[in-house]
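**Q** Sequence first, predicted model second:
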Amino acid sequence: MSKRFWDLSSPNDMDFKRLSDRLDWSEDADNGLAENMGKLFELDRAQDREITNLRLMVEELMGELIRTGVVSEAELQARVSRRLMAEQKQTAAPSIRCASCGESTLQSETYFSSLGEVCAACFSG
């Protein structure tokens, strides 16, 4: 008969004592961590409910605009798509103003200098 994983080693009383002491020592830290985790989960659930409510309101408003003929479904979809893509571009690629020339440039294309963040042209020139 093969050995079970709990039979592979035979811990002694000192091993259990060390483990118990370590668990007692970290109990306060674990309680604080558990409390913070609980708060994060609560916030996540609240945000999920809010997103669901907003989604339902937007769907209802979009449906009403289409049903009343204010805008066609295709035009509304195109407008929403353009707006979402513009927002994604803006948030996905943050830009900053060059500390030297003042031009707007993508943050990923900047360098740090004694002036602060500068564009590639000012950094190399």
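**A** Perfect, thanks for sending it. Residues are numbered from 1 along each chain as shown.

**Q** Need the nearest residue in space to residue 99, chain neighbours excluded.
**A** Leaving aside its sequence neighbours, residue 99 sits nearest to residue 116 (Cβ to Cβ, 6 or more residues apart in numbering; 3.7 Å). Any C-beta I mention is one placed from the backbone N, CA and C, and that applies to glycine too.

**Q** Show me the beta-bridge partners of that neighbour.
**A** Following DSSP bridges, residue 116 is listed with bridge partners residue 113.

**Q** Which of the helices or strands spans the residue nearest the centre of the chain?
**A** Closest residue to the average C-alpha location of the chain: residue 44 at 11.4 Å, with Cα atoms, centre = their mean. Per DSSP states H and E, residue 44 falls inside helix 13-67.

**Q** pLDDT on that helix, on average?
**A** Across helix 13-67, pLDDT averages out at 79.

**Q** pretty sure residue 105 contacts residue 111?
**A** No - applying Cβ atoms under 8 Å as the test, residue 105 and residue 111 come out as separate, 10.1 Å apart.

**Q** Need the overlap of contacts for these two.
**A** Listed as contacting both residue 105 and residue 111 by Cβ atoms under 8 Å, 6 or more residues apart in numbering are 119, 120.
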